[in-house]
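In: mind folding the following:
(2 chains)
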Amino acid sequence: KQEVTQIPAALSVPEGENLVLNCSFTDSAIYNLQWFRQDPGKGLTSLLLIQSSQREQTSGRLNASLDKSSGRSTLYIAASQPGDSATYLCAVRPTGGSYIPTFGRGTSLIVHP
Amino acid sequence: KAGVTQTPRYLIKTRGQQVTLSCSPISGHRSVSWYQQTPGQGLQFLFEYFSETQRNKGNFPGRFSGRQFSNSRSEMNVSTLELGDSALYLCASSFGTGGLSNYGYTFGSGTRLTVV
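Out: Numbers count the residues shown, from 1 in each chain, chains lettered A, B, ... in the order given. From the prediction side, this is the model:
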């Protein structure tokens, strides 16, 4: 059974810092991995989707990498801003079987001015 | 293009009642998945529908059910509500299912259900 872990669970940083959020998974047989952002009480907003054949994806100040062999993905946020404050979740979709993603519990990020 | 639409946004129900939640996926998406999110359990998969057929089901009691219509809109129903059913219910649409899941999920804003 796939297990997805996100460490740290919470993070508080001053504005302007570069951040790395981690997502670890136990089964490397993945189809893709998706990073989401969730604001309090809201739905999930997709940030980046990495297919199993890819090593990284970039969107603006965000960069996500994938290392299947080590069971890790990182989300890099450059020059953090208070508007980046949210919970960040990763979802790992397996290859085969049901293809239903397993979600991590998320990293709650606060960027203070 | 329009995103995933979930209605209603908020609901307050009494124990023992039943509730129906609705989800309209992105135009052209045929797969709709439902999740329950609580602070204690995180995101838990309820079920997935594709082309009006339930493709997968999570580990929830039979009080939780769903269906999908020919226009891909989906509803989920919870009967005999319990206090523990209070949660944010999220719907996710995607273009395909199974081996065609390479487009990822797009989520709606969710329905906040409170059972009193």
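
In: only C-alpha atoms from now on, for both contacts and neighbour counts.
Out: Noted.

In: so the closest residue to chain A within chain B is in which element?
Out: Per C-alpha to the nearest C-alpha, residue B:109 is where chain B lies closest to chain A, at 4.0 Å. For residue B:109, there is no enclosing helix or strand under DSSP states H and E.

In: now whichever residue of chain A sits closest to chain B, nearest residue through space, not along the chain?
Out: Residue of chain A nearest chain B, by C-alpha to the nearest C-alpha: residue A:43 (4.0 Å). In this structure, residue A:43 finds its nearest non-sequential neighbour in residue B:109, 4.0 Å apart by C-alpha to C-alpha, 6 or more residues apart in numbering or on different chains.

In: and the nearest residue to residue A:68 once chain neighbours are set aside, what does it touch?
Out: Among residues not flanking residue A:68 along the chain, residue A:28 sits closest, at 5.3 Å (C-alpha to C-alpha, 6+ apart). Contact partners of residue A:28, counting by C-alpha atoms under 8 Å, 6 or more residues apart in numbering or on different chains, are A:68-71.

In: quick one: secondary structure of residue A:28?
Out: Here residue A:28 is recorded as coil under DSSP: H, G, I helix; E, B strand; the rest coil.

In: pLDDT score for it?
Out: What the model reports as pLDDT for residue A:28 is 92.

In: mind checking how far residue B:116 is from residue B:88?
Out: 15 Å (C-alpha to C-alpha, to the nearest Å).

In: and if you look at residue A:8?
Out: In this view, residue A:8 and residue B:88 are 23 Å apart by C-alpha to C-alpha.

In: those two: which is more packed in?
Out: Comparing residue A:8 with residue B:88 by other C-alpha atoms under 10 Å in any protein chain shown, the one with more neighbours is residue B:88, at 23 against 14.
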